[in-house]
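**Q** Return a 3D structure for these sequence lines:
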Amino acid sequence: RIPVIGVMMHIVTHLPPEDFATELMRVFMMAVNGLQDRDAEHRRSARQAVQRIITSLGAAWLVWLLGELRTRLCRGYQVSVCSATSLAALQALAALGEDK
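**A** Residues are numbered from 1 along each chain as shown. Modelled structure (predicted):
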């Protein structure tokens, strides 16, 4: 499911506002579940999915995304995963800003 998140986000961004929030949370939780996995390869692909999510949403959603990551990834090894994912999201937004 993780590799499909980019396509799903493209679809979610075209939904009406009342459906957008529900589907956004569903897509985001798929990525978070991948980040909670102990397999490093799953976490890497989930981190890339989070980058796709934030680039499709834009910088206005960064605070929401970081807050959700901190809420969901708060135990043990997940704290460092949260930090690495937050950095990856910021780097994706910075790269997006440089391209414009």
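
**Q** Next, count neighbours for A88.
**A** Summarising burial for A88: neighbours were counted as other CB atoms under 10 Å, giving 16. C-beta: built from backbone N, CA, C; applies to glycine.

**Q** Would you check how far apart the closest residue to it other than its chain neighbours and H14 are?
**A** Nearest-residue entry for A88: R47, 5.0 Å, with adjacent residues in sequence omitted and distances by CB to CB, 6 or more residues apart in numbering. Counting by CB to CB, to the nearest Å, the separation of R47 from H14 is 25 Å.

**Q** who has more neighbours, the two?
**A** Under the neighbour definition other CB under 10 Å, R47 and H14 were set side by side, and R47 has more, 21 against 7.

**Q** in the helix or strand harbouring R43, what counts as buried?
**A** With secondary structure defined by DSSP states H and E, R43 is part of helix 40-57. Buried positions in helix 40-57, judged by neighbour count with 16 or more other CB atoms under 10 Å: 43, 45-57.

**Q** So which elements touch it?
**A** In terms of contacts (3 or more CB pairs under 8 Å, 6 or more residues apart in numbering; DSSP states H and E), helix 40-57 is packed against helix 5-12, helix 17-35, helix 62-72, helix 78-99.

**Q** Kindly calculate the angle that that helix makes with helix 5-12.
**A** Relative orientation of helix 40-57 and helix 5-12, computed by axes from the mean of the first three to the mean of the last three CA atoms, to 10 degrees: 30 degrees.

**Q** got the angle for helix 40-57 vs helix 17-35?
**A** Computed by the same axes, to 10 degrees, the angle separating helix 40-57 from helix 17-35 equals 160 degrees.

**Q** and helix 40-57, average pLDDT?
**A** The predicted model assigns helix 40-57 a mean pLDDT of 94.

**Q** Just the pLDDT at the residue nearest to V27 when sequence neighbours are not counted, thanks.
**A** Beyond its immediate neighbours in the sequence, the residue positioned closest to V27 (CB to CB, 6+ apart) is M8, lying 5.0 Å away. On pLDDT, M8 comes in at 92.

**Q** hang on, the earlier thing: contacts for the helix holding R43?
**A** 2-3, 5-6, 9-10, 13, 24, 27-28, 30-35, 37, 61-62, 65, 69, 81, 84-85, 88-89, 91-93, 96 (CB atoms under 8 Å, 6 or more residues apart in numbering).
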